[in-house]
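Chemist: give me a 3D structure for the following:
(4 chains)
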2 protein chains.
Amino acid sequence: MSEPHWLTQEERATWLALTGLITKLPGALDAQLTRDAGLSFYEYMVLAMLAESDDGVLRMSALAELTNGSLSRLSHVVQRLERQDLVRRETCADDRRATNAILTDEGRDRVEAAAPGHVRHARTLVVDAVSAQDLATFGRVGEAILDRVADQRRG
Amino acid sequence: MSEPHWLTQEERATWLALTGLITKLPGALDAQLTRDAGLSFYEYMVLAMLAESDDGVLRMSALAELTNGSLSRLSHVVQRLERQDLVRRETCADDRRATNAILTDEGRDRVEAAAPGHVRHARTLVVDAVSAQDLATFGRVGEAILDRVADQRRG
DNA sequence: CTCCTTTTGTTTATGGTTCAAGTAATCCTA
DNA sequence: TAGGATTACTTGAACCATAAACAAAAGGAG
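Modeler: Numbering: from 1, shown residues only, chains lettered A, B, ... in the order given. This next block holds a predicted model:
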């Protein structure tokens, strides 16, 4: 017997596409990056966000926001990156509760080496998969969903 | 200094929305389901796909496909569900290599109890977040991406 | 028929994420 | 200017996912 569908057929197809995406895409991104650069996707994001910041320095809490991760997750990951000398940590002078994550030269080399392949992969899987217009719509919907997720966590 | 952008600004925004989605949405879905039904999202998918099948019976490999998971992951999860008497396993009579996963009455009760809240959550976060037309576009793009991910794994 | 390959699934080990608790500095209120 | 609350982050344990090795049945070539 089949469970009742409280979504229309088209809504359900969209929902299943989205759930497929969130279960399969992380693995696909991790696979390319670990194979070609020895980094997980999340590790790459941490390094990339630092590289894009003005001087390669960001507070842990800011970095957690930018990478969409929890502070706890970030703390563990930065600890691992620190062991490889890709990042180092300093307690912030202004507010001694806070700590700054700082990209090392070696860390910068590593992201810069990883970036081209990662971007090419992003193009192959996503950006070049559909028309520019559909991609733009896809992005706007994604942002709308993220807003709702954020609302959920607050309220 | 900022890393060069090999994506246009709009492409990059879309890409970041997607990466945000794949890192935050799983947690949001797990949170609702564990809180309200004591199931992870993946566990829910396993039970739901069984419930939607004709007689609550599916081969492990078919179930893995439907839930977007690896056979290994599924095997572990079904083992846990089996301990809770939500599912049981039988080796398939036709092909004795294969295993059928079978939804128990208790398992069916459990999904049916969980479903309304889950669907409501899906509506709140996604389906009702945007216009029907944008949602449809979003779904089509998602499917196109999934196709590319599948291609990647093969060739 | 026999052997080799492929399919199907399980299991073990490893590593990463999350959750809850803990620490330390800062803020705020009276 | 205490004192308690809040913020910012870290840590340890429990849990889950992944990957690689394994087992067992089926298919296929000679």
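Chemist: and after the lengthiest helix in chain A, which helix or strand comes next?
Modeler: Ranked by residue count, the top helix of chain A under DSSP state H comes out as helix A:9-37. Secondary structure here is assigned by DSSP states H and E; on that basis, the next helix or strand after helix A:9-37 toward the C-terminus is helix A:41-52.
Chemist: can you give me the angle the helix or strand bottoming out on mean pLDDT in chain A makes with helix B:132-154?
Modeler: Of all the helices and strands that make up chain A, helix A:132-154 has the lowest average by mean pLDDT, DSSP states H and E, namely a mean of 94. For the pair helix A:132-154 and helix B:132-154, the angle between their directions (axes from the mean of the first three to the mean of the last three Cα atoms, to 10 degrees) equals 100 degrees.
Chemist: ok so, going back, which helices and strands sit right next to the longest helix of chain A?
Modeler: Packing partners of helix A:9-37 (3 or more Cβ pairs under 8 Å, 6 or more residues apart in numbering or on different chains; DSSP states H and E): helix A:41-52, helix A:105-125, helix B:9-37, helix B:41-52, helix B:132-154. Bear in mind the C-beta positions are built from the backbone N, C-alpha and C, glycine included.
Chemist: quick one, what contacts A:Leu21?
Modeler: Residues touching A:Leu21, when contacts are defined by Cβ atoms under 8 Å, 6 or more residues apart in numbering or on different chains, comprise B:18, B:21-22, B:142, B:145-146.
Chemist: which of the residues you listed sit farthest apart?
Modeler: Maximum pairwise distance among these (Cβ to Cβ): 13.6 Å, between B:Leu21 and B:Leu146.
Chemist: near DNA strand D, anything from the longest helix of chain A?
Modeler: Yes - among the residues of helix A:9-37, A:26-27, A:30-31 lie within reach of DNA strand D under Cβ under 7 Å from any atom of the strand.
Chemist: just give the nearest non-adjacent residue to A:Gly50, would you?
Modeler: Careful, residue A:50 is Leu and not Gly. Spatial nearest neighbour of A:Leu50, excluding adjacent residues (Cβ to Cβ, 6 or more residues apart in numbering or on different chains): A:Leu103 at 4.1 Å.
Chemist: okay, and the beta partners of that neighbour?
Modeler: When bridges are taken as DSSP bridges, the partners of A:Leu103 come out as A:Val87.
Chemist: okay, buried residues for stretch A:129-139 please.
Modeler: A:129-130, A:135-139 (16 or more other Cβ atoms under 10 Å in any protein chain shown).
Chemist: from those residues, pick the one nearest B:Ala98.
Modeler: For these, the minimum distance to B:Ala98 (Cβ to Cβ) is 34.1 Å, reached by A:Ala129.
Chemist: pretty sure the closest one is touching B:Gly142, no?
Modeler: No - when contacts are counted by Cβ atoms under 8 Å, A:Ala129 is not listed as touching B:Gly142 (10.0 Å).
Chemist: wait, which of the helices and strands packed on helix A:9-37 is closest to A:Ser70?
Modeler: The closest approach between A:Ser70 and any of the helices and strands packed on helix A:9-37, judged by Cβ to Cβ, belongs to helix B:9-37 at 8.5 Å.
Chemist: does any part of the closest one sit near DNA strand C?
Modeler: Yes - using Cβ under 7 Å from any atom of the strand as the criterion, contacts between helix B:9-37 and DNA strand C involve B:27, B:30-31.
Chemist: distance-wise, check A:Glu82 relative to DNA strand D.
Modeler: The span separating A:Glu82 from DNA strand D equals 9 Å under the rule Cβ to the nearest atom of the strand, to the nearest Å.
Chemist: buried among the residues of helix A:9-37 next to DNA strand D? Make that a PyMOL selection.
Modeler: To isolate the buried ones among those in PyMOL, judged by 16+ other Cβ under 10 Å, type:
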select buried, chain A and resi 26+30
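Chemist: export the residues of helix A:9-37 next to DNA strand D to JSON lines and tack on pLDDT and distance to A:Gly56?
Modeler: Converted to JSON lines, those look like this (pLDDT from 0 to 100; distance: Cβ to Cβ, whole Å):
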{"residue": "A:Pro26", "pLDDT": "97", "distance to A:Gly56": "26"}
{"residue": "A:Gly27", "pLDDT": "96", "distance to A:Gly56": "29"}
{"residue": "A:Asp30", "pLDDT": "97", "distance to A:Gly56": "24"}
{"residue": "A:Ala31", "pLDDT": "96", "distance to A:Gly56": "27"}
